[in-house]
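Participant: fold the stuff below for me.
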Amino acid sequence: MSLDKATVARMAELARIALPEDQLEQLVGELSGILAWVEQLAEVDTEGVEPLRSVHPIRRSWRADEVTDGNCREAILANAPERENGYFVVPRVVE
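Facilitator: Residues are numbered from 1 along each chain as shown. Coordinates of the predicted model:
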């Protein structure tokens with residue numbers, strides 16, 4: 001797919017990018033090259049190829065999903081400027 005100056009100028013306008021006229025021709029060539037490369041990728045036969053999450057094999061040891069409160073109430077409340085009955089005390093905002 002080849003781009004022309006009008007298309008690149010419109011893309012710059014939509015992206016709210018100020019594009020000087022003297023740089024327009026260079027950008028047309030660069031974007032056309034990128035699109036040609038993407039079109040090459042579309043020609044690659046990927047039938048039967050499993051999608052990758054990473055280029056390195058990832059072996060995860062899964063832990064049991066357990067809901068806990070963290071058992072760190074005192075550590076959390078240690079920085080509270082004021083607390084009462086194990087809770088933060090905050091100023092009232094609704095009258």
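Participant: and the pLDDT for Met1?
Facilitator: Looking at Met1, its pLDDT stands at 69.
Participant: stretch 81-95: how far from the chain's middle?
Facilitator: 37 Å (CA atoms, centre = their mean, to the nearest Å).
Participant: what mean pLDDT does stretch 22-31 get?
Facilitator: Per-residue scores along stretch 22-31 average to 93.
Participant: got a list of contacts for it?
Facilitator: Stretch 22-31 has contacts (CB atoms under 8 Å, 6 or more residues apart in numbering) with Leu3, Asp4, Lys5, Val8, Ala9, Ala12, Leu19. In short, each C-beta sits where N, CA and C put it, glycine included.
Participant: try 10 Å
Facilitator: 1-9, 11-12, 17, 19-20 (CB atoms under 10 Å, 6 or more residues apart in numbering).
Participant: in that stretch, what's buried?
Facilitator: Leu27, Val28, Leu31 (16 or more other CB atoms under 10 Å).
Participant: for Ala80, see how far away the first one is.
Facilitator: Translated: Leu27. 56 Å (CB to CB, to the nearest Å).
Participant: just checking, next helix/strand downstream of the helix ranked longest in the chain?
Facilitator: Counting by DSSP state H, the longest helix found in the chain is helix 21-42. The C-terminal neighbour of helix 21-42 among helices and strands, as given by DSSP states H and E, is helix 73-77.
Participant: that following helix - what's its average pLDDT?
Facilitator: 88.
Participant: please apply the same query to stretch 50-63.
Facilitator: Rounded mean pLDDT across stretch 50-63 is 80.
Participant: next, the distance between the ends of that stretch.
Facilitator: Stretch 50-63 has an end-to-end distance of 26 Å (criterion: CA to CA, to the nearest Å).
Participant: again with stretch 47-56
Facilitator: 21 Å.
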